[in-house]
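> Sharing a model that was predicted from the sequence below.
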Amino acid sequence: MSPATPILLRNGRIVDPANAVDASADLLIRDGLIDRIAPGIEPPAGAHIIDVTGKLVVPGLIDMHVHLRDPGFPEKETVESGCRAAASGGFTAVACLPNTDPPTDSPETVEYILNKARKADARVYPIACATKGMNGEEITDVDALLDAGAVGLSDDGLPIESDAVMRDLMRRSERRGFPVCPHTEVFALTRGGHMHEGAVSRELGIKGMPAEGEAAMVERDINLLRSAGGRLHILHISVRRAVDLVRRAKSEGLQVTCEATPHHVALTDEDVRVFGTQGKMSPPLRSADDRDALLKGLADGTIDALATDHAPHTVTEKFRRFPEAPNGILGLETAVGAFFTHLVEPGILSATDVIRMLSATPARILGIPGGTLTPGAPGDVSVIDPSLVWVVNAHKFRSRSRNTPFHGHTLTGRAILTILGGRVTHSAGDNGDRAAPTA
């Protein structure tokens, strides 16, 4: 279907947190843009009309933390395959982290990613390297990277250990307004660890990574933010003390934000017993107490955004022994189901909260377009069936990889239609999955 074909979504529940809209109405997309929202819209000539009764019609979802593995690792993912996976999950935009080969530490690599994304099924916003080669020593050419299209800086899974380097980054952030997005970990405390340090790691005989390894670096970064200014966005927060530190920093008015992932919301270190390497990631699955702290932080607004940390790996890599297997799991195609199942159904967040944290808030933090259904905005729309019960089948993912602990899980809530700039990029049934039987 061409973007020139008008699309009329009829009888949906329009949820647009950016504009405080939550109403039953129709939505018309024309010439690739949001045309209007109103009850009983008369369809234009030649319009494609879709009845979305009982469904949520929301701004195209934005995942502010994914790994597209491109350039360098096409056997895991590419820009094209990652964006297909994004569309399948209801996402119309993703921000990709820079652990590529070569690392995204030059304007040329930023431009390579953007060029590959021009015809992809999602908008791509690169987060470039904070230091050259992600070596933590020499800061990249920040202005050149931002001017090339980068929306933030990070050394991805490597913490910026030098106080001086991090302080300089925060000062540059203060000057240019971009978010610094660190992986918060003190290697001196976590080096050699492969899962959360606790009773399960001791029982399994696997060296653990203490929660303080994350919390101590969050504390360091907030202290630098306090003195140097700038904007700090903490990736995949996962431990109680880190959440408490962010809560306190926000009460001081500091410009700090953070995100939580589906796996840290839904799972704990106890699940490593069952999932093995499919449950290995960094930061690791934490204790039930840490997960409870995340849920409280989501409920009270301490945690700003939801993001997947989509991290593809090959089957061969994940079949290695636990210490040798790489960290990371997929997230794009299961995020909506995981968040609705583990946050909306138990009443921790409302559906509107989840949509805001997957649309308007990421757009605000990254300073990118989208996250709204304002007339005149790009026609990026997701339609979610909040009551659809389905079984995760990793073999039918659009990603090139299959590494997920959610394979075989029954989830409730799923994106059934994704529209990018007036073009349908995903429609229910495209991947052949069937809903689970209900009692």
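Nice, I can see it.
> Model confidence for Thr438, exactly?
pLDDT, Thr438: 34.
> let me redo that: Ala4
Looking at Ala4, the pLDDT reads 79.
> need the contact list for the closest residue to it other than its chain neighbours.
In this structure, Ala4 finds its nearest non-sequential neighbour in Asp31, 6.7 Å apart by C-beta to C-beta, 6 or more residues apart in numbering. All C-beta spots, glycine's among them, are computed from the backbone N, C-alpha and C. For Asp31, the contacting residues are Pro3, Ala4, Pro6, Gly422, by C-beta atoms under 8 Å, 6 or more residues apart in numbering.
> quick one: the helices in the stretch 251-400 of the chain?
262-266, 272-275, 288-299, 315-318, 335-339, 351-357, 360-366 (DSSP state H, counting those that start in this stretch).
> Please read the previous query as pertaining to the stretch 51-200 of the chain.
79-88, 107-117, 142-148, 163-176, 187-190, 199-204.
> Highest mean neighbour count out of these?
Among the helices of the stretch 51-200 of the chain, helix 79-88 has the highest mean neighbour count (mean count of other C-beta atoms under 10 Å), at a mean of 28.
> and that helix with helix 107-117, angle?
Going by axes from the mean of the first three to the mean of the last three C-alpha atoms, to 10 degrees, helix 79-88 is angled at 50 degrees with respect to helix 107-117.
> what about stretch 315-323, how long is it end to end?
16 Å (C-alpha to C-alpha, to the nearest Å).
> quick one on the thing from earlier: select, out of the helices of the stretch 51-200 of the chain, the one closest to Ala307.
helix 79-88 (12.2 Å; C-beta to C-beta).
> Which other helices and strands does the closest one contact?
strand 61-66, strand 91-96, helix 107-117, strand 410-420, strand 423-427 (3 or more C-beta pairs under 8 Å, 6 or more residues apart in numbering; DSSP states H and E).
> got the CA coordinates for the last one in PDB?
When you say that, I think you mean strand 423-427. Presented in PDB, the C-alpha positions along strand 423-427 are these (Å, rounded to 0.1, in the frame of the first residue of the first chain):
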ATOM      1  CA  ARG A 423       2.800   2.900   5.000                       C
ATOM      2  CA  VAL A 424       1.700  -0.300   6.600                       C
ATOM      3  CA  THR A 425       4.800  -2.100   7.800                       C
ATOM      4  CA  HIS A 426       3.100  -4.800   9.900                       C
ATOM      5  CA  SER A 427      -0.300  -6.300  10.000                       C
END
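> could I get the helices and strands packed on helix 79-88 as a markdown table with distance to Leu204 and mean pLDDT?
Formatted as a markdown table, those follow (distance: least, C-beta to C-beta, whole Å; pLDDT from 0 to 100):
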| stretch | distance to Leu204 | mean pLDDT |
| --- | --- | --- |
| strand 61-66 | 28 | 98 |
| strand 91-96 | 33 | 98 |
| helix 107-117 | 38 | 98 |
| strand 410-420 | 27 | 98 |
| strand 423-427 | 39 | 97 |
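> Looking at these, which is nearest to Ala18?
strand 61-66 (11.4 Å).
> what's the angle between that closest one and helix 79-88?
140 degrees.
> Name the residues of strand 61-66 that come out as buried.
Within strand 61-66, the residues that qualify as buried are Leu61, Ile62, Asp63, Met64, His65, Val66, counting by 16 or more other C-beta atoms under 10 Å.
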